[in-house]
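1. Take this sequence and fold it.
(chains A, B, C and D)
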Protein chains: 2
Amino acid sequence: MSNDPISRIRRFNRAVTREVGALDNSFLGRGRPLGAARVLNAIGHGHTDVAAIRDYLGLDSGLMSRLLRGLEEEGLIETEPHSDDARRRVASLTEAGQREFEAYEDLSNDRASALLARSPHSDALLLAMDLVASALGRDRISVEEIDPRSEAARFCLGEYYAELGRRFEKGFDVALSRDPDAAAMVRPRGVFLVAMSDGLAIGCVGMKGTGGGMAEIKRLWVASSARGLGIARRLMAAAETAARELSITTLRLDTNSALPEALQLYRKSGWVEIDRFNDDPYPDHFFEKHL
Amino acid sequence: MSNDPISRIRRFNRAVTREVGALDNSFLGRGRPLGAARVLNAIGHGHTDVAAIRDYLGLDSGLMSRLLRGLEEEGLIETEPHSDDARRRVASLTEAGQREFEAYEDLSNDRASALLARSPHSDALLLAMDLVASALGRDRISVEEIDPRSEAARFCLGEYYAELGRRFEKGFDVALSRDPDAAAMVRPRGVFLVAMSDGLAIGCVGMKGTGGGMAEIKRLWVASSARGLGIARRLMAAAETAARELSITTLRLDTNSALPEALQLYRKSGWVEIDRFNDDPYPDHFFEKHL
DNA sequence: CATTTTATCTGACTTAAGTCAGGTAATTTG
DNA sequence: CAAATTACCTGACTTAAGTCAGATAAAATG
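-> Next up is the predicted model:
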């Protein structure tokens, strides 16, 4: 009765509603009703099209219109007709609006810092929060193509190397491995894909063109807090789609038996094991797939 | 920028606000404003005193009064003066009110089940939710004395034995250990204490009187999702307080080196290591503390 | 026992949020 | 190019939520 799954979820909801309730109040305390603050926030976060904001916040068009007029009168935003379609309007922050938006952001950040500061074992708490957020937001996880030298990509690679270091008995040193240079993972030679969940990178995969209709899959990683959501499968599928677009007909990859989930995924999705095709010291399994 | 702790907490808040927002709507859909539904719920959950409800929900006394009249007119609740103090009023559910309250409970349970059903790896998700709920609710964790044969106590003991099974190389079989009989952990011979966090038992400790001003500390356990919150320390402190009340002057306990956190706690809190005092096959360390 | 305090109630108000029926101007469609 | 559609705006309305100043009756206080 007190420890069954449903009670545990409801307990979680109660605990979090309290906390989030307190966090929602950060919208207050600046002398502006919640509706107006939400619109200001939406604009600050890049929702400029009035219809997009209305849709995002689920507002009636009449209410939306009034909220926009209110923010305009406060001198926080400006609106102008859309350049392509004069019926539509686009909103943007004025300088004062930008400052006000940042003040709200600071309030939210302060709440988050305060929560962190009063939590011991904050690493475990953050991991648990990541897991919950990824599970709740699983329908909104997207796979995006980014530059392998970008911040999100470097974050993923750092986590990937750290994971290998933990998994391999003798650790992992990037310098000893054949580090694929980033330029080979940019179109038209290859691609680098990340899985994004509400702004956080939770997985990645690289495809490195090697010439002659061939490419190698590298750096497949999924955050431990996001496993079991089918993300590796989605990343691999997206990589194969990109490969076809780039007229690549044969994909190869190497991996290690310390990564059994990866081995299982490859075997289940049409890859066939082949002989060693490089002298990298880490891998002990080699696969190939014809597209 | 996208993977720092503060961003991760804010991502968690966004994800959970969506979910909880959807859950809050379970209060709607029954043709009753949120305020009235919250009061009905509070009464259903045992807050009968009007002042207590007002305090719990943070409502103005005027508003509270009107909400109560509304629920009374709907035939869902009844109020009567408090028997000790006729200024105060106590509210209770009518039969119709009880049914309505249960309908709300069912809606909440359904939402929770739906979340569970669409989540793979629900064990990991539930553990993460427990951890977050315990961390957010750490200020509301209480230590309570309960019967060692009650459901909450048996849940704790089950988790404790499972934990020993995982920690000990050769597993753990209760039958081989000197299972303290429950009667020895009830006043006046001893006590059994649990740590409760918003309705969930997250830790326990037993004290078993052995006669002659002596007692043994048994079954100290804290849920993995609630470690680092100082719960073991609070449980032990509460057990010592209870021991003094029961005129016990010497406490003893046995433990195992596979439980290093426990060993460290005992050493830091005034326990001294002594020679083996029983022939139980599991323990390899023995401690004593004079009160 | 008169005074003060406490718990609740009532009436008069305000604000926020949302709904709905037109209205206007730009754009799309047949 | 007339008719329909679309995007947004405006005015009139409703509901929910909350605030505040007394009113009332019971209980506590000196």
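
2. how about the residues of chain A that lie near DNA strand C?
-> Residues of chain A lying close to DNA strand C by Cβ under 7 Å from any atom of the strand are A:Pro33, A:Leu34, A:Gly35, A:Ala36, A:Leu59, A:Asp60, A:Gly62, A:Leu63, A:Asp84, A:Asp85, A:Ala86, A:Arg87. Every residue, glycine included, has its C-beta placed from N, CA and C.

3. how near is the residue positioned nearest the centre of chain A to A:Asp60?
-> For chain A, the residue nearest the mean C-alpha position is A:Met196 (2.0 Å; Cα atoms, centre = their mean). Separation of A:Met196 from A:Asp60 (Cβ to Cβ, to the nearest Å) stands at 31 Å.

4. ditto for A:Ala117
-> Computed as Cβ to Cβ, the A:Ala117 to A:Asp60 distance reads 40 Å.

5. How about A:Asp110?
-> Here the criterion is Cβ to Cβ. By it, A:Asp110 lies 32 Å from A:Asp60.

6. Who has more neighbours out of these two?
-> Neighbour totals were compared for A:Asp110 and A:Asp60, and A:Asp110 leads with 12 against 9 (other Cβ atoms under 10 Å in any protein chain shown).

7. For the helix or strand where that one lies, which helices and strands make contact with it?
-> When elements are assigned from DSSP states H and E, A:Asp110 belongs to helix A:95-117. Judged by 3 or more Cβ pairs under 8 Å, 6 or more residues apart in numbering or on different chains; DSSP states H and E, helix A:95-117 is in contact with helix A:5-24, helix A:34-44, helix B:5-24.

8. can we see that at 10 Å?
-> When contacts are defined as 3 or more Cβ pairs under 10 Å, 6 or more residues apart in numbering or on different chains; DSSP states H and E, helix A:95-117 sits against helix A:5-24, helix A:34-44, helix A:61-73, strand A:77-81, strand A:89-93, helix A:122-136, helix B:5-24.

9. just those: most buried one?
-> helix A:122-136 (a mean of 23; mean count of other Cβ atoms under 10 Å in any protein chain shown).

10. Quick check: mean pLDDT of that one?
-> For helix A:122-136, the mean pLDDT works out to 92.

11. Return the distance of that helix from the chain's centre.
-> Relative to the centre of its chain, helix A:122-136 is centred 14 Å away, using Cα atoms, centre = their mean, to the nearest Å.

12. Likewise for stretch A:114-125?
-> Chain-centre distance of stretch A:114-125: 22 Å, with Cα atoms, centre = their mean.

13. now do stretch A:27-39
-> Remark: stretch A:27-39 is offset 28 Å from the chain centroid, using Cα atoms, centre = their mean.

14. cool, stretch A:267-278 as well?
-> Distance of stretch A:267-278 from its chain centroid, counting by Cα atoms, centre = their mean, is 29 Å.

15. mind checking how far the spatially closest residue to A:Phe101 that is not a sequence neighbour is from A:Leu59?
-> Nearest residue to A:Phe101, sequence neighbours excluded (Cβ to Cβ, 6 or more residues apart in numbering or on different chains): A:Gly44, at 3.5 Å. Distance of A:Gly44 to A:Leu59, given as Cβ to Cβ: 17 Å.

16. Check A:Lys268 too.
-> With the distance defined as Cβ to Cβ, A:Lys268 ends up 45 Å from A:Leu59.

17. who's more crowded, the two?
-> A:Leu59 (18 against 9).

18. you'd agree that one is in a strand?
-> No: counting by DSSP: H, G, I helix; E, B strand; the rest coil, A:Leu59 is located in no strand; its state is coil.

19. okay but it is in contact with A:Ala52, surely?
-> No: counting by Cβ atoms under 10 Å, A:Leu59 does not reach A:Ala52; the two are 11.4 Å apart.

20. hang on, A:Tyr160 is in a strand, isn't it?
-> No: assessed with three-state DSSP, A:Tyr160 is helix; it does not lie in a strand.

21. so the nearest residue to it once chain neighbours are set aside is in which element?
-> Leaving aside its chain neighbours, A:Tyr160 sits nearest to A:Trp221 (3.8 Å; criterion: Cβ to Cβ, 6+ apart). If you go by DSSP H and E, A:Trp221 is part of strand A:214-222.

22. Just the element for A:Leu265, please.
-> Going by DSSP H and E, A:Leu265 is in helix A:260-268.

23. That helix near chain B at all?
-> No: under the criterion of Cβ under 10 Å from any Cβ of the partner chain, chain B is not reached by helix A:260-268; the shortest gap measures 12.4 Å.

24. which ones are touching the residue nearest to A:Phe101?
-> Taking Cβ atoms under 10 Å, 6 or more residues apart in numbering or on different chains, we find A:Gly44 in contact with A:Leu76, A:Ile77, A:Ser92, A:Leu93, A:Gly97, A:Gln98, A:Glu100, A:Phe101, A:Glu102, A:Tyr104, A:Glu105.

25. and the angle from the lowest-mean-pLDDT helix or strand in chain A to helix B:95-117?
-> The helix or strand of chain A with the lowest confidence, counting by mean pLDDT, DSSP states H and E, is helix A:5-24 at a mean of 81. Here the directions of helix A:5-24 and helix B:95-117 differ by 90 degrees (axes from the mean of the first three to the mean of the last three Cα atoms, to 10 degrees).

26. helices or strands up against helix A:5-24?
-> Where contact means 3+ Cβ pairs under 10 Å, 6+ apart, helix A:5-24 is packed against helix A:95-117, helix A:122-136, helix B:5-24, helix B:95-117, helix B:122-136, strand B:200-211.

27. Mind doing that once more with 8 Å?
-> Helix A:5-24 is packed against helix A:95-117, helix B:5-24, helix B:95-117, helix B:122-136, strand B:200-211, with contacts defined by 3+ Cβ pairs under 8 Å, 6+ apart.

28. Any regions of chain A where pLDDT drops low?
-> For chain A, the stretches with pLDDT under 70 are A:1-2, A:21-26, A:28, A:176-180.

29. domain assignment for it?
-> Per the record, chain A has its domains at A:5-118, A:140-290, by automatic domain parsing.

30. DNA strand D: which of those domains is closest?
-> Evaluated over these, closeness to DNA strand D peaks at domain A:5-118, with 3.1 Å, by Cβ to the nearest atom of the strand.

31. Just checking that closest one against DNA strand D, any contact.
-> Yes: using Cβ under 7 Å from any atom of the strand, a contact is recorded between domain A:5-118 and DNA strand D, made by A:49-51, A:54, A:61-62, A:64-66, A:68-69, A:79, A:85, A:87-89.

32. Now the two most distant members of these.
-> Maximum pairwise distance in the residues of domain A:5-118 next to DNA strand D, criterion Cβ to Cβ, is 22.4 Å, between A:Arg66 and A:Asp85.

33. mind checking the end-to-end distance for stretch A:252-262?
-> Stretch A:252-262 has an end-to-end distance of 14 Å (Cα to Cα, to the nearest Å).

34. and that stretch, how far from the chain's centre?
-> 24 Å.

35. Report the strands that pair with the strand holding A:Trp221, each with its relative direction.
-> Strand pairing for strand A:214-222, using DSSP bridges, gives strand A:200-211 (antiparallel), strand A:250-255 (parallel).

36. now the ones you listed in JSON lines, with mean neighbour count and distance to A:Ala162?
-> Listed next are those as JSON lines, based on neighbours: other Cβ atoms under 10 Å in any protein chain shown; distance: least, Cβ to Cβ, whole Å:
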{"stretch": "strand A:200-211", "mean neighbour count": "23", "distance to A:Ala162": "13"}
{"stretch": "strand A:250-255", "mean neighbour count": "19", "distance to A:Ala162": "17"}
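
37. closest to B:Ala15 out of those strands?
-> Of all the strands paired with strand A:214-222, it is strand A:200-211 that lies closest to B:Ala15, at 9.9 Å by Cβ to Cβ.

38. Could you check how far the closest one is from the centre of its chain?
-> Relative to the centre of its chain, strand A:200-211 is centred 14 Å away, using Cα atoms, centre = their mean.
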